[in-house]
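*Asks:* Quick one: sequence and predicted model below, then my questions.
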Amino acid sequence: MNVTKEIEMYKFLGLETGRLPAALFIVSAIAFGLPGNCLSLYILLFRMDRQSTYVIFVSFLAMFDVLTCAVHMPLELIDLVFPFSIPEWLCKCFRFNNSLLYMGSLATLLVIAVVRYRHIVHPLKQKLSHAKARQCCWAVFVLSILTAAPAFVLNGNHTATIGNSTATICYIADTAQKTIYPTVYLTFYGMFYCLSVVILCLTYVVIVKTIRKANIARRQMQRHVSTCLNTISQPLSTAINPKLEKMFSDTDTNQPKLNEKSIGGSGKSSKNGKTKVLLLITIIFILAYLPYVSIGVVLTLQRNFKSSLSTTQEAIYRVAIRFPLINHVANPVIYGFCDPNFKKHLKALFLNSK
């Protein structure tokens, strides 16, 4: 390698191409995401009720998050900082892993949305058993492998032009560049995302509307019961016999009292809390992957898109295509703040360790 080529490659890796912000972004995601997801997975698997379908699906989702932080993010950092040092087999594994985690996470969210829809909108229907929930997780995993397999085939050594020189990087392989298959696969990627977003949005809109109607009906029932209790408790009967008032006051005060809080119970709030957690996870996933999928569509339609970017635009581009990493960092935060049961076990874990 001559001196000129070394200088050009140094510039290619340096600040001139906006790689430093993206590298710092990945390192931060690993630093926050890996401990948080490992802790979340431990609590879900060993502290919470593993017979709950909610815990089964969220644990499965947390496994994808742990794999992303422990395997994919370090590979992403290597590809960013040392793009000329990646062997082809590692490049193929890296791209395959990326597609697998994307497909698996999105498919899991779809299954969760359908299960929550049945549970909330059609509560009288037979609920999904624990065995069926685990079977759904295995089906998602196998389907994710099948849909990610083309990424292993299509990606590999790609010859990139750097100034007056060329180098080999990890991208769509030269053998696949002039075929229609990369376009077809990326189109499938984008369509799967768009279709999933539509299904998720429609499903959760119906779920939220159903919960709101149930809450309104429950509040009306609580007010009605409260009014009835107040009417009954008025000492109207003392007008007939004053001794009756003392009789009522001498009754056993330890008897359970019917009040508005006892109407509806805590089951509804627990169900709504779980739905809130899953809804937030879904929203963050959609927003985090939106820039990634949009850029993928642009690159499919305009192959020379990156060559026209300025240094600042290049930095934004490199961060935007890695923006989905935020999704895997945010999930433990959502569990900790929005799931009361998870929060209870988290506090108990730290209190017992002292």
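*Replies:* Now that the structure is in, tell me what you want to look at. This is a predicted model, so every value here is computed, not measured.
*Asks:* From here on, just use CA atoms for contacts and neighbour counts.
*Replies:* Will do.
*Asks:* Poorly predicted segments of the stretch 51-200 of the chain, please.
*Replies:* 163 (pLDDT under 70).
*Asks:* The stretch 251-354 of the chain too?
*Replies:* Across the stretch 251-354 of the chain (using pLDDT under 70), the flagged ranges come out as 251-271, 303, 353-354.
*Asks:* any idea where the helices of it begin and end?
*Replies:* With DSSP state H, counting those that start in this stretch as the criterion, the stretch 251-354 of the chain has helices at 267-301, 311-320, 325-338, 340-353.
*Asks:* tell me what the helix or strand residue 175 falls within is packed against?
*Replies:* Taking DSSP states H and E as the definition, one finds residue 175 inside helix 174-177. In this structure, helix 174-177 makes packing contacts with strand 155-162, judged by 3 or more C-alpha pairs under 8 Å, 6 or more residues apart in numbering; DSSP states H and E.
*Asks:* Now do the strand it packs on: which elements does it pack against?
*Replies:* Using 3+ C-alpha pairs under 8 Å, 6+ apart, strand 155-162 sits against helix 3-13, helix 88-121, strand 165-172, helix 174-177.
*Asks:* After the last one, which helix or strand is next?
*Replies:* Think helix 174-177. helix 181-233.
*Asks:* ok, now the first one?
*Replies:* Stepping forward along the backbone from helix 3-13, the first helix or strand reached (DSSP H and E) is helix 19-46.
*Asks:* That following helix vs helix 325-338, what angle?
*Replies:* 40 degrees (axes from the mean of the first three to the mean of the last three C-alpha atoms, to 10 degrees).
*Asks:* the inter-axis angle of helix 19-46 versus helix 311-320?
*Replies:* Using the same axes, to 10 degrees: helix 19-46 against helix 311-320 is 10 degrees.
*Asks:* Mind checking the pLDDT average for helix 19-46?
*Replies:* Helix 19-46 shows a mean pLDDT of 92.
*Asks:* What are the buried residues along that helix?
*Replies:* 19-20, 22-23, 25-27, 29-30, 33-38, 40-41, 43-44 (16 or more other C-alpha atoms under 10 Å).
*Asks:* Just the pLDDT for residue 239.
*Replies:* 50.
*Asks:* Run a quick neighbour tally on residue 304.
*Replies:* 11 (other C-alpha atoms under 10 Å).
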